[in-house]
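>>> structure, please.
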Amino acid sequence: MDVQQMYEAPTSAPDRGTGILGQLALEDPEFETGMRDALAAAEKWLQDCVHSAPDPRVAALAGHLAAAGGKRLRPLLVLLGAEFGEPWRDGVAQAAVIAELVHISSLYHDDIIDGAATRHGVDSVNARWGERAAVLGGDWLLARAAQLAAGLGAEAIHLNAQTAGRLVSGQLRELTGPAPGEDPVAHYFQVIAGKTAALLSMSLGMGALQAGASAAQAAALTEYGEQLGVAFQIADDLLDLCAPAELTGKEQGKDLLAGVSSLPVLIALAGDDPADDELRALLTGGHVTAPAVHRRVLELFRCSPAAAEAAALMRQRLDQARASLEGLPPIPARRALVALGDFVARRTAWPALWPTA
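Okay, here's the model as predicted:
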């Protein structure tokens, strides 16, 4: 797969629900077919679930982003975690739906906070129905996830509630910013542990739990999810700054324009490498949203030591994620998790995306 194909979104409805699976180098057609079938079953349940509200207006609002598609990374992680137990057990597909419901709910709330106009190529819920309706729609999805978790028992309820708390805590920490004297980079990692890593960790853990995997296996899988989540967010930070819009389908530098302090920005501001002197001056000059300054900042980030350091930290997290799998049996699901880490690394492959100036 070339770099361009890696970023192309699915163009036909049948791909909806398989998401990121088709971009992994699994080299196991039988296993991949089984995963596709399981994801398709979970997708049907998800669509039925979000459109189940008695009021069709609520159903339309609640099902808007689910109908638009997405990576479906979290349901995939649930199903992969279940492979370390008995994946055919009742509750596994339900856990996959829970994970995606919580994720979609977080997107509703994120888009309100960010003032986003689009998501997954369609109008955001807040742009289409207004912020108040979007808040309630996100809350409805969280409530629906809690209802499903209640049907899986006390452990699933606890895991779902704990993850929702971590998501909100991460978002609040991002809004409030670092405390006086707090290291901004350390604060960043605390934010993404809640906003991104928590749900990936929950997905793997809940899948393992519902399939009856051992406690040691579940612990290894949740640790993998934590490290993968951090790496995934760093990759998104790098892509926002270093990958052109024609490659990703997203506006380059959008986070920078919104004032989001991503990891490469924080590293550049805290560093003293002379190669980043111009970049630091522009970032602190108060005019980063001016078109000419914005373009120059993006040019500098493509060959910035700060971006290279962020990429190294991403690879370090991917190494830690892979190490957490060492005690697990060498089944196809473990190889799929390794392939998922490789996919994250390929998304930001040097120098394909960051040619030197």
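>>> show me the shaky parts of the stretch 251-357 of the chain.
350-357 (pLDDT under 70).
>>> which residues in it form helices?
Under the criterion DSSP state H, counting those that start in this stretch, the stretch 251-357 of the chain carries helices at the ranges 254-257, 263-270, 277-283, 291-301, 305-324, 332-347.
>>> just those helices: most buried one?
Neighbour counts (mean count of other Cβ atoms under 10 Å) averaged over each of the helices of the stretch 251-357 of the chain peak at helix 263-270, with a mean of 22. Glycine gets a C-beta too; all of them are placed from N, C-alpha and C.
>>> ok so, going back, out of the helices of the stretch 251-357 of the chain, which is closest to Thr163?
Closest to Thr163 of those is helix 305-324 (Cβ to Cβ; 18.3 Å).
>>> Gly22: which of the helices of the stretch 251-357 of the chain is closest?
The nearest among the helices of the stretch 251-357 of the chain, by Cβ to Cβ, is helix 332-347 at 10.7 Å.
>>> residues contacting the closest one, please?
By Cβ atoms under 8 Å, 6 or more residues apart in numbering, the list of residues contacting helix 332-347 from outside reads 6, 20, 23-28, 31, 35, 80-81, 83-84, 224, 228, 231-232, 235, 239, 314-315, 318, 321-322, 325, 328.
>>> save the helices of the stretch 251-357 of the chain as CSV, and put in distance to Pro75 too.
Below are these laid out as CSV (distance: least, Cβ to Cβ, whole Å):
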stretch, distance to Pro75
helix 254-257, 26
helix 263-270, 27
helix 277-283, 38
helix 291-301, 33
helix 305-324, 19
helix 332-347, 13
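>>> wait, which of those is closest to Arg173?
Nearest to Arg173 among those is helix 263-270; the distance by Cβ to Cβ comes to 14.0 Å.
>>> hmm, who's touching the closest one?
184-185, 188, 234, 237-238, 241, 256, 276, 279-280, 283-284, 301, 304, 306-307, 309-310, 313.
>>> chain center to the helix or strand that contains Ile113: distance?
Ile113 belongs to helix 92-114 when assigned by DSSP states H and E. On the basis of Cα atoms, centre = their mean, to the nearest Å, helix 92-114 sits 11 Å off its chain's mean C-alpha point.
>>> which neighbouring elements make contact with that helix?
Counting contacts by 3 or more Cβ pairs under 8 Å, 6 or more residues apart in numbering; DSSP states H and E, helix 92-114 is packed against helix 29-50, helix 64-68, helix 73-82, helix 125-129, helix 131-150, helix 154-176, helix 198-211.
>>> buried residues in that helix, which are they?
In terms of neighbour count (16 or more other Cβ atoms under 10 Å), helix 92-114 has its buried residues at 92-112.
>>> per-residue pLDDT, Ile98?
The per-residue pLDDT reported for Ile98 equals 97.
>>> same deal with Ala179?
On pLDDT, Ala179 comes in at 93.
>>> SS state for it?
coil (DSSP: H, G, I helix; E, B strand; the rest coil).
>>> ok, it - contacts?
His187.
>>> go with 10 Å
By Cβ atoms under 10 Å, 6 or more residues apart in numbering, the contact set of Ala179 is 173, 187.
>>> biggest helix in the chain by residues?
Of all the elements of type helix in the chain, the one with the most residues (DSSP state H) is helix 215-242.
>>> buried set for that one?
Neighbour-count burial for helix 215-242, counted by 16+ other Cβ under 10 Å, picks out 217-218, 220-242.
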